[in-house]
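need a 3D model of the following:
(2 chains)
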Number of protein chains: 2
Amino acid sequence: MQRTERHASFGGWQEVWQHRSEVLSCDMKFGIYLPPAAVRGEACPVLYWLSGLTCNEQNFITKAGAQQYAAQHGLILVAPDTSPRGADVADDAAYDLGQGAGFYLNATQAPWAAHFRMEDYIVQELPALIQQHFAVTAAQSIFGHSMGGHGALTLALRHPGRYRSVSAFSPIVAPSQVPWGEKAFSAYLGEDRDQWAAHDACALIQSQLSERLPLLVDQGEADDFLANQLQPQRLQAACDAAGHPLTLRRHPGADHSYYFIASLIGEHIAHHAKALQG
Amino acid sequence: MQRTERHASFGGWQEVWQHRSEVLSCDMKFGIYLPPAAVRGEACPVLYWLSGLTCNEQNFITKAGAQQYAAQHGLILVAPDTSPRGADVADDAAYDLGQGAGFYLNATQAPWAAHFRMEDYIVQELPALIQQHFAVTAAQSIFGHSMGGHGALTLALRHPGRYRSVSAFSPIVAPSQVPWGEKAFSAYLGEDRDQWAAHDACALIQSQLSERLPLLVDQGEADDFLANQLQPQRLQAACDAAGHPLTLRRHPGADHSYYFIASLIGEHIAHHAKALQG
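Sure, this is the predicted structure:
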């Protein structure tokens, strides 16, 4: 594992590391923000950020403005890439399938199954690497945006006890029922829709077998993907039906961009800090 | 003039506008942040940001994290492009000459003189446009980074009374004496170095004919361009010799990136807010 970037940021370091992933069978990069507390040698809790379609490890660390809040609260922020990468890795010309569009699950179908195991990478391999190379506590939380909001919600729901808190910006809450998810799940999981429910936040909540963590979700009302891909009313209905705790906030005028994320990232990080340090 | 982007941001709007520039004889874009006070209809002061080499109107608005502080203080932020643009505009294959490298002066030499009139654009045409299309007070300040730090310092020094305050991150303080400036000034102003002093912050300060505004300058000590291009000790010496007020702060570990800018942008905006609203 080698560091490829290091920048002073709010009294800490914003770094980028590259490493060989055994799970994904390719080289991967991730961003990590080490707050002043970490620089002083204190073990810090880790908050994982999962990015959306087309993103890599750079988008969040350059655009979200999260470092100042992580510095204040003494949290380490880890921002992985959104899929396996490389010339040997299956891909698709479309922006919403293949590299840049891993959907945070383990693919079962050819040609994707060989590399596309993002669930194992995010839940197991990457945290183990972080624990090995940095001074961290056992406390972890997770949040993300759009496809990464889907990832945060489903990974938290599928792995009870793994995360202290979960939140999402503009998440894909019902991938089984919207075009982005139908395309990706058909490719990665096959045409048997029964297999899809295990990676669909609304279906997981309805099953009532999943983690019961309260969900914090922010959604812009001027988001171009709201009606067609995001449909937060499905999450509200699923949580209402299952009695699952949800705070869903709608923001007039806000779109799908990092400007929206930046405006609320401080509140989300404060939310996670309370859970991680409580 | 037409709006090409609009994003909700910290209770205000981050917008991008495109317009025909008469001064530059080309189409130009600029970013403008309208804080909540502006959205409520209040006239706000304007703080201009000048970006560095290779940048356009996007870098500052996506990476600096400035909007939250402009929102708090009720300032409008305007972030123009760094040069004239377009297929008809002279250019050079190098990153440090031509498009993306206007150096905030009016070129006198062919082939640059036809379009490269960034001083007139920043000091006259753009403020007139802003005043015409947005509710602004007469108060203006200016700051910038690297080549844009040079721009902020020299434009403030060359136009006494125009700006209420000036600051810079990692500025080129003595372009007449470093490779970036020597290359650009030779091309834009010609080989007669006597013409260069009028666009060199250190020379302007030494002349003691310029604006006497206090200068606030932050410089990273891990900046790759520190020794070769930036040389802040020249600014310190010029200000000491002329009795020009200067606050020059050096930051161990900090580099030339927007991570450094973001870490201190709140302090700079508070500095300008005090001058603009005092």
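
flag every residue of chain A that's near chain B.
Neighbours of chain B within chain A, by C-beta under 8 Å from any C-beta of the partner chain: A:7-11, A:14, A:62-63, A:65, A:67-68, A:220, A:222, A:251, A:253-255, A:257-260, A:262-263. C-beta: built from backbone N, CA, C; applies to glycine.

so which of those residues belong to helices?
Among these, the ones falling in helices (DSSP state H) are A:62, A:63, A:67, A:68, A:258, A:259, A:260, A:262, A:263.

what about the closest residue to the fourth one other than its chain neighbours, how many residues close to it?
I take that to be residue A:68. Excluding the flanking residues, the one nearest residue A:68 by C-beta to C-beta, 6 or more residues apart in numbering or on different chains is residue A:10, at 4.9 Å. As a burial measure, residue A:10 scores 22 neighbours (other C-beta atoms under 10 Å in any protein chain shown).

and residue A:10, what are its phi and psi?
phi 50, psi 40 (degrees, to the nearest 10).

was I right to think it contacts residue A:66?
No - the criterion here is C-beta atoms under 8 Å, and residue A:10 misses it with residue A:66 at 9.8 Å.

so what's residue A:147 up against?
Applying C-beta atoms under 8 Å, 6 or more residues apart in numbering or on different chains to residue A:147 gives the contacts A:50, A:51, A:52, A:53, A:82, A:101, A:103, A:104, A:172, A:180.

nearest to residue A:141, of these?
Nearest to residue A:141 out of those is residue A:50 (C-beta to C-beta; 11.7 Å).

may I have the beta-bridge partners of the closest one?
Residue A:50 has these beta-bridge partners by DSSP bridges: residue A:144.

which residues in chain A form helices?
A:36-39, A:58-63, A:67-73, A:118-120, A:126-133, A:147-158, A:179-189, A:201-207, A:232-242, A:258-277.

list the helices and strands the fourth one packs on?
Looking back up the chat, that one is helix A:118-120. Helix A:118-120 is packed against helix A:147-158, with contacts defined by 3 or more C-beta pairs under 8 Å, 6 or more residues apart in numbering or on different chains; DSSP states H and E.

before we move on, the earlier item: contact partners for the residue nearest to residue A:68?
Neighbour list for residue A:10: A:35, A:36, A:67, A:68, A:70, A:71, B:262, B:263 [criterion: C-beta under 8 Å, 6+ apart].

one more: residue A:79?
Counting by C-beta under 8 Å, 6+ apart, residue A:79 touches A:30, A:31, A:32, A:48, A:49, A:51, A:57, A:60, A:61.

quick check: bridge partners of it?
Beta-bridge partners of residue A:79, counted by DSSP bridges, are residue A:31.

picking that back up, ok, the contacts of residue A:79 vs chain B, which is closest?
Chain B lies nearest to residue A:61 out of those, by C-beta to the nearest C-beta, at 8.4 Å.

how about the contacts made by residue A:30?
Going by C-beta under 8 Å, 6+ apart, the list of residues near residue A:30 reads A:16, A:17, A:19, A:57, A:78, A:79, A:80, A:81, A:126.

run a quick neighbour tally on the closest residue to it other than its chain neighbours.
Nearest non-adjacent residue to residue A:30, counting by C-beta to C-beta, 6+ apart: residue A:80, 4.4 Å away. Neighbours of residue A:80 under the rule other C-beta under 10 Å: 26.
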